[in-house]
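Peer 1: Below are the sequence and a predicted model; questions follow.
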Amino acid sequence: MELTLMERARQLRSTVPQIEATIKRACRGATLRAIEKAAELTPPTQDDDGDDLRGTSTRSGEMKQHWATDSKPEPRKSGSAYKTTLANDMEYASYVNDGHRMDRHFVPGLYIDPESGLLEYAPGAKVGIVVGTKTTRVPGIFMVDEAKKEYKRVLRRELGRVREVIE
């Protein structure tokens with residue numbers, strides 16, 4: 001069956017709600033996958049042997065959890081674009097992601113617990129250690145870059161379904 005140009009234009013206009021719904025689903029799905037990827041790459045609270053790596057006020061796993069709570073995967077329309085947000089509001093998240101310089105300095109209250117061997121922090125304790133002696137730079141993990149790559153990969157795959165709606 002052949003369509004006139006006007007009929008095809010009308011047919012395409014009728015698919016706009018379906019296309020928008022498909023785009024929103026794709027954006028949401030891609031953002032959720034990006035959140036998972038960022039959390040997956042965020043430093044773990046256990047080592048490869050399953051041993052607990054947490055010490056007081058140190059590696060609690062809180063930063064890993066914040067990807068899910070601080071991000072906004074529901075697409076919001078802004079003009080003709082849909083926007084979602086990948087975020088982690090922990091104050092040190094950017095240092096873990098991007099890396100940071102490590103100057104040699106004394107940290108009061110920081111010590112290695114003799115029983116557990118874990119690095120502990122007790123602000124009022126009359127102890128402390130000098131840090132930044134062996135390394136001058138802590139490399140970043142670049143979780144956000146990898147999460148963005150994952151977002152784009154998933155979005156491309158999902159948006160392939162728009163063609164199905166149009167045809």
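Peer 2: Alright, I've got the coordinates.

Peer 1: Where does residue 129 sit, in terms of helix or strand?
Peer 2: Element membership of residue 129, judged by DSSP states H and E, is strand 128-131.

Peer 1: strand partners of that strand, parallel vs antiparallel please.
Peer 2: strand 105-108 (antiparallel) (DSSP bridges).

Peer 1: now the strand it pairs with: how far from the chain's centre is it?
Peer 2: On the basis of C-alpha atoms, centre = their mean, to the nearest Å, strand 105-108 sits 31 Å off its chain's mean C-alpha point.

Peer 1: before we move on, what about stretch 105-117?
Peer 2: 30 Å.

Peer 1: Kindly report the same for stretch 123-141.
Peer 2: 26 Å.

Peer 1: CA-only coordinates of it, as CSV, when you get a sec.
Peer 2: C-alpha atoms of stretch 123-141 as CSV (Å, rounded to 0.1, in the frame of the first residue of the first chain):
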residue,chain,number,x,y,z
PRO,A,123,39.6,12.3,66.8
GLY,A,124,40.2,12.8,70.5
ALA,A,125,43.0,10.1,70.9
LYS,A,126,46.5,11.2,71.8
VAL,A,127,48.0,9.3,68.8
GLY,A,128,48.6,10.1,65.2
ILE,A,129,50.7,9.1,62.2
VAL,A,130,52.5,10.8,59.4
VAL,A,131,50.9,10.1,56.0
GLY,A,132,52.1,10.8,52.5
THR,A,133,55.5,9.4,53.0
LYS,A,134,55.6,6.6,50.4
THR,A,135,53.4,8.1,47.7
THR,A,136,53.0,11.7,46.5
ARG,A,137,49.9,11.0,44.3
VAL,A,138,46.9,8.7,44.8
PRO,A,139,45.6,7.7,41.4
GLY,A,140,42.0,8.1,40.5
ILE,A,141,39.6,5.2,39.7
